[in-house]
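> task: produce atomic coordinates for the following.
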Amino acid sequence: MNTTVTNFTFFVLLFISYSSIAQKDSAAKINFSGYTELYYSYDFSNPSRFEKPDFNYNYKKHNQFNVNLAFIKANYQNSQFRSNLALMTGNYATYNLSSEPNWARPIFEANLGFKLLRKHQLWLDAGVMPSHIGFESAIGSDCWNLTRSILAENSPYYETGIKLNYTNRKQNLFFAFHVLNGWQKIALSPLYTKPSFGLQVNYKPNSTLTLNYSNFVGTAKPDSVKSLRVFHNLYAIYDASTSVSFILGFDIGTEKIASLKPVVWYTPILVSRVHLNSKNKIAGRIEFYKDAKQVVIQTGTPNGYQTLGASINYDFQLSPKLLWRAEYKRYQSKDALYRYDTPNRMNQTATVAMVYRF
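Numbers count the residues shown, from 1 in each chain. Sure, this is the predicted structure:
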C-alpha cells in the first residue's frame, strides 16, 4: 500500500481513538461543522471554455451556477490533544489540488496536535493544515472580499508538515516554526525529497492593530532543478474605528535555480472594509502583482505577469448562518493575457455568492 495512504488511514484511526476517550476528559469537546459556498460569476470577456484565467483557482466557472467550496469538518480537543479532519468538494478542491493524487484532493484538513507543556500554550501539530502565509484563506466568508486576491491565489492555501507553535499568556503573540513537504503540497513524489521551512510571527500590540510576518524557505521544483525559493509575507490589520478597518500587505519572493541569478516577484495590496451596520458591509481592494520573469505565473508574453487589480464588494448577513455577497472586479495587465476570442489587456468579472455555514 502507498505509504502516504497508510499514514492518512493511521490519522483517521487516531482521530477516532481520541474521540472515543473524550468522555473521560471534562474539557474535551467534539464539534462538527460545515460550510457551503454557491456562486454565479460572469466574465465579460466571455471565455468559450467557461473558465476564467489560469491564475485564478477559485470561482473558476464562467456564466454558470457552481460550488466554490463545500466541506464537513470534525474537530476534537481535550486538555492535551487536538485534531481536525475535514473533507471537501468544489472548484477550490478541483483547481487548487489538481497536482495532487486523487486520494488527496478531497482533504481540506487532516492534522493532529499535542500540547508539550501543561501550563503553557506550546503545541506540536502535524498533518495537512491551513497555510501560515497570508491574511486570506480558502473559506470565503472569513475573507473581507468575495474573491481572493492575486496574491492569495498564487501563494499556498494549505501545507503539509510539522508545526511547533506557541501563544503567550496575554494571547497577543503567536510564534510558529514549520517543517514542510514544500510549496502547497500534500503528497510527495520521488522527485521531491528535500524539506522546506517556514516561520510565522503574529503580534497584537493593542486591540486595534495586528502585525504579521511569515516566510517560506525551500523549493517548489523537483530536486534535479536545484532551486531555492525564499518568500516573505508581511501584513498589518488596523481597526481605525468600530466600523472602518484596513489591511496593508506586501509579499516578495526570490527564486534561484542552480548557478543562475535569482529572480524576484512582488505584490503590494490594500484592502478596506466598512461596517454599515450589523448586517451590511462593503469592502474594496487594490493590488499590483509583478512577476515579470514568470516565476509563479507563466504567461508566455514579453513582459510576463504585471497586473493591477481592483474590486469592490457588498455583504448582506441574511441570518447568523447565511451570508449573501456580490463583487465587481477588474484586472488591467501590461500584456494581452486574456486570450479568448480576442486577446485583451483588461479583464472584468461580476460574482455573487451565497454562503451557508453551521
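> residues contacting N63?
Listed by Cβ atoms under 8 Å, 6 or more residues apart in numbering, the contact set of N63 reads S41, Y42, D43, N46, F50. Bear in mind the C-beta positions are built from the backbone N, C-alpha and C, glycine included.
> try it again at 7 Å.
If a contact means Cβ atoms under 7 Å, 6 or more residues apart in numbering, then N63 has Y42, F50 as its contacts.
> phi, psi of it?
phi 60, psi 40 (degrees, to the nearest 10).
> count of neighbours near F32?
By the measure other Cβ atoms under 10 Å, the count of residues near F32 is 9.
> that one sits in which helix or strand?
F32 belongs to strand 29-43 when elements are defined using DSSP states H and E.
> who's in contact with that strand?
19, 22, 52, 59, 61-63, 65-77, 139-140, 349-358.
> and what of stretch 78-95?
By Cβ under 7 Å, 6+ apart, the list of residues contacting stretch 78-95 reads 12, 15, 18, 22, 25, 27-28, 57-61, 66-76, 105-115, 138.
> from Y158, how far off is P222?
20 Å (Cβ to Cβ, to the nearest Å).
> what do you get for F231?
F231 is 15 Å from Y158, by Cβ to Cβ.
> which one's more surrounded, P222 and Y158?
Y158 (20 against 14).
> that one against S131, yeah?
Yes - if you go by Cβ atoms under 7 Å, Y158 and S131 touch, sitting 5.7 Å apart.
> helix or strand right after the helix or strand hosting A126?
In the assignment (DSSP H and E), A126 maps to strand 121-130. Using DSSP H and E, the next helix or strand after strand 121-130 towards the C-terminus is helix 150-153.
> export that next one to CSV, keeping only CA atoms.
C-alpha atoms of helix 150-153 as CSV (Å, rounded to 0.1, in the frame of the first residue of the first chain):
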residue,chain,number,x,y,z
ILE,A,150,-3.9,37.6,-6.9
LEU,A,151,-1.5,37.3,-4.0
ALA,A,152,-3.6,34.7,-2.3
GLU,A,153,-4.3,32.7,-5.4
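> now tell me what touches that helix from outside.
55-58, 134, 136, 249, 251, 267, 269, 287, 289, 307, 309.
> ditto for stretch 350-358
33-42, 59, 140-141, 146-147, 321-328.
> can you show me the helices along the chain?
Here the chain has its helices, by DSSP state H, at 3-20, 91, 150-153.
> name the residues of stretch 32-41 that are buried.
Y35, T36, E37, L38, Y39, Y40, S41 (16 or more other Cβ atoms under 10 Å).
> any idea what the fourth one is bridged to?
The partner list for L38 in beta bridges (DSSP bridges) reads V67, M354.
> residues contacting the closest residue to I247 other than its chain neighbours?
Leaving aside its sequence neighbours, I247 sits nearest to V271 (Cβ to Cβ, 6 or more residues apart in numbering; 4.1 Å). If you count contacts by Cβ under 7 Å, 6+ apart, V271 has them with W144, N145, F246, I247, A283, R285.
> and the furthest pair within the residues you listed?
N145 and F246 (13.0 Å; Cβ to Cβ).
> who's more crowded, the two?
N145 (22 against 14).
> I figured that one was touching A283, is that so?
Yes - between N145 and A283 there is a contact under Cβ under 7 Å: 5.4 Å.
> who touches both of those two?
In contact with both N145 and A283: V271, N313, using Cβ under 7 Å, 6+ apart.
> where in the protein is the helix or strand with the lowest mean pLDDT?
helix 3-20 (a mean of 46; mean pLDDT, DSSP states H and E).
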